[in-house]
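Engineer: Please work out how this folds:
(one chain, ligands or ions: 1)
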Amino acid sequence: MSNSRQSDTEKLKKENLYRCLRVLEKNEGTRAVFDGKEIILFCGNDYLGMSRHPRVLAAAHKAIDRYGVGAGSARLIAGSTEAHAALEKKIARFKKKESALVFGSGFLANLGILTAFAGKNDTIVMDKLCHASLIDGARLSGAGIRVFPHKNYKKCEEILAKDNSGRKLIVTENVFSMDGDRADLRELIRIKKKHRAFLVVDDAHGTGVFGKNGPGATERFSKDIDIIMGTLSKAIGGLGGFAAADRTLIDHLINFARPFIFATALPPVLCETAREGFRVIEEEPELVKRLWSNIRKVHGGLAGAGFRLENPESAILPVIIGEEKEAMKVFEKLLTRGVFVPAVRYPTVPKGRARLRITVSAAHTDADIDFLLKAVKGLL
Ligand SMILES: Cc1ncc(COP(=O)(O)O)c(C=O)c1O
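Structural biologist: Numbers count the residues shown, from 1 in each chain. Here you go, the predicted structure:
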C-alpha cells in the first residue's frame, strides 16, 4: 500500500482501474437518462424486471402501510415479524429445503454462512472465481483456504483427499457472476459425498433464472446441497440475502452468524415484495421464458456481429476485451451510442481479462435488443 489515500487512487488511475460513480437520472430499469441523453441499460441483475412488476409494487405499498419502512431492530431483539417468517417459509419451499433464514443482503449472507460453519481448524475449498463476499467470508472465518482453478474439480478432489483438518467446506457459485457459466453441481455432489465435505452453493445469479424444470438448477439437487445461498436483489428485484438448508443448520446460523445476530433485520416491506416476487415467478412462467428468449436473441445477434462468446448458460454474457484501457474505451464508445454496458475490470476479474458484462432481462423489449445489436456493430 502506498503512503497516502490520494496516491492510492492516483495509482489506480494510472492503471486504468479507477472507479467512479455515474448518476443515472430517470432510471426505469432498462432505460435511463445519462448526461441528458436517453440510454438503454444492459447491465443490471434484475433479470425478470421484478423491481417494477405491478404485483410487486402493489405488495410494497400494502406492506409500507402495515409495517412502515424499517424493522427497528435485529431479528433476535424485536425485529422479527410475520413478514420475515412468511418469506422464509416461501424460500424454503421454493428451494426445496426444510428451512430458510433471511439476511440484510447477499453479501452479509455469505459472510454469515462461512463464518458460522468454518473456523480455524477447518478448511474451505473454493473455486477461483468465487465472489468477493465468499472470499471475505472465508478469510473472516479463520479457516484454511484452498483455491482450485475455475471448475477444475480434479484439483478440488486432490485438495480434499490430502486434507485431514476438521470440517471441510466446498464453496462454489451456481452461476458465476462475471463469466455467466455454471458449476457442475452433480460432480461437486459426488466429490462432497466421497470426501464427507459440506457443500455451499451461492445461487445469487441462478435463483429465478431457471424455470421449474431448468437444467441443473439448485432446486434439482437441493437434497444434496447443504446450504443454498441466494439473494433477493437480482431476479427477485429488491434487496436481501438468504440461506436455505435443513432446520438444524438454520438454527446454527441463527445462533452463530454474526451478520444475522448483530445487524438490523431486513425491512418487512422488502420481505413482502420478495415473497410476491417468488409468487410471480411461480404463477407467471412466461417471464422466465421471455428472459431465455431474450438471452438467445442477444447472444445470436452478438455472435452474428462477430463477437466471440461462449454458449449462453445464464443471463450474463461476457465479452472478453483483455486490456483494462481498451475495455474502458469500448464502454465509453457504447455509451455515446446510447447503450450502457459496464466494463468490468480487476479486482472483479483477473488483470488483463477486462470485459463487457452484458446482462439480459425479461424486461428488455425487441426494440431494446435491436438497438443494442445496432450499437455494437463495428465496435471491436
Ligand atoms: C455471486 C454473488 N454472491 C453474492 C452477491 C452479493 O449479493 P447482494 O448484492 O445481494 O449483497 C453477489 C452480488 O453482487 C454475487 O454476484
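Engineer: Setting the sequence-adjacent residues aside, check what's closest to Val269.
Structural biologist: Distances taken as C-beta to C-beta, 6 or more residues apart in numbering put Ala63 closest to Val269, at 4.2 Å, once the chain neighbours are dropped. (Each C-beta comes from the backbone N, C-alpha and C, glycine too.)
Engineer: tell me the secondary structure for that neighbour?
Structural biologist: Under DSSP: H, G, I helix; E, B strand; the rest coil, Ala63 falls in the helix class.
Engineer: In space, what's closest to Lys351 - neighbours in sequence excluded?
Structural biologist: Going by C-beta to C-beta, 6+ apart, Lys351 has Glu324 as its nearest residue, at 7.6 Å.
Engineer: Determine the number of other residues adjacent to the one you found.
Structural biologist: When neighbours are defined as other C-beta atoms under 10 Å, Glu324 has 21 of them.
Engineer: Which residue is the nearest non-sequential neighbour of the residue nearest the centre of the chain?
Structural biologist: Centroid check for the chain by C-alpha atoms, centre = their mean gives Ala204 as the closest residue, at 3.3 Å. With C-beta to C-beta, 6+ apart as the criterion, Ala204 has its nearest non-adjacent residue at 4.5 Å, and that residue is Thr231.
Engineer: count of residues packed around the one you found?
Structural biologist: Thr231 has 27 nearby residues by other C-beta under 10 Å.
Engineer: Go ahead and confirm it touches Ala243.
Structural biologist: No - using C-beta atoms under 8 Å as the test, Thr231 is too far from Ala243 to be in contact (11.0 Å).
Engineer: hey, what's in contact with both of these two?
Structural biologist: Common neighbours of Thr231 and Ala243, using C-beta atoms under 8 Å, 6 or more residues apart in numbering, are Ala109.
Engineer: What are the structural domain limits within the protein?
Structural biologist: 13-42+285-375, 53-283 (automatic domain parsing).
Engineer: Gly338 versus the residue of the stretch 1-150 of the chain found nearest the ligand, what's the distance?
Structural biologist: In the stretch 1-150 of the chain, the residue found nearest to the ligand is Gly106; the distance is 2.3 Å by C-beta to the nearest ligand atom. In this view, Gly106 and Gly338 are 31 Å apart by C-beta to C-beta, to the nearest Å.
Engineer: More neighbours: which of these two?
Structural biologist: Neighbours per residue (other C-beta under 10 Å) separate Gly106 from Gly338, with Gly106 holding more: 24 against 16.
Engineer: what sits against that one?
Structural biologist: Ser133, Asp202, Ala204, Met229, Gly230, Thr231, Leu232, Ser233, Gly240, Gly241.
Engineer: one step back: now do the contacts for the residue nearest to the centre of the chain.
Structural biologist: Counted by C-beta under 8 Å, 6+ apart, Ala204 has contacts Gly106, His131, Glu173, Val175, Ser177, Met229, Gly230, Thr231, Ser233, Lys234.
Engineer: cool, and Ser73?
Structural biologist: Taking C-beta under 8 Å, 6+ apart, one finds Gly79, Thr264, Ala265 in contact with Ser73.
Engineer: what mean pLDDT does stretch 258-271 have?
Structural biologist: On average, the pLDDT along stretch 258-271 is 98.
Engineer: same deal with stretch 53-62?
Structural biologist: 98.
Engineer: buried stuff in it?
Structural biologist: His53, Val56, Ala59, Ala60 (16 or more other C-beta atoms under 10 Å).
Engineer: before we move on, what about stretch 164-172?
Structural biologist: For stretch 164-172, by 16+ other C-beta under 10 Å, it's Lys168, Leu169, Ile170, Val171, Thr172.
Engineer: Report the secondary structure state of the third one.
Structural biologist: If I follow you right, that is Ile170. Going by three-state DSSP: Ile170 is strand.
Engineer: Show the pLDDT at it.
Structural biologist: Looking at Ile170, its pLDDT reads 98.
Engineer: Tell me what it is bridged to.
Structural biologist: Val125, Leu199 (DSSP bridges).
Engineer: Do I have it right that it meets Ile159?
Structural biologist: No - Ile170 lies out of contact with Ile159 (C-beta under 8 Å); the separation is 9.5 Å.
Engineer: tell me, what's touching those two both at once?
Structural biologist: Joint contacts of Ile170 and Ile159 (C-beta under 8 Å, 6+ apart) are Val125.
Engineer: hang on, the earlier thing: give the buried subset of the contacts of Ser73 as a PyMOL selection command.
Structural biologist: Entered in PyMOL, the line below selects the buried ones among those, by 16+ other C-beta under 10 Å:
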select buried, resi 79+265
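Engineer: so what secondary structure elements neighbour the helix or strand containing Asn294?
Structural biologist: Element membership for Asn294, per DSSP states H and E: helix 286-304. In terms of contacts (3 or more C-beta pairs under 8 Å, 6 or more residues apart in numbering; DSSP states H and E), helix 286-304 is packed against helix 268-283, strand 316-322, helix 366-375.
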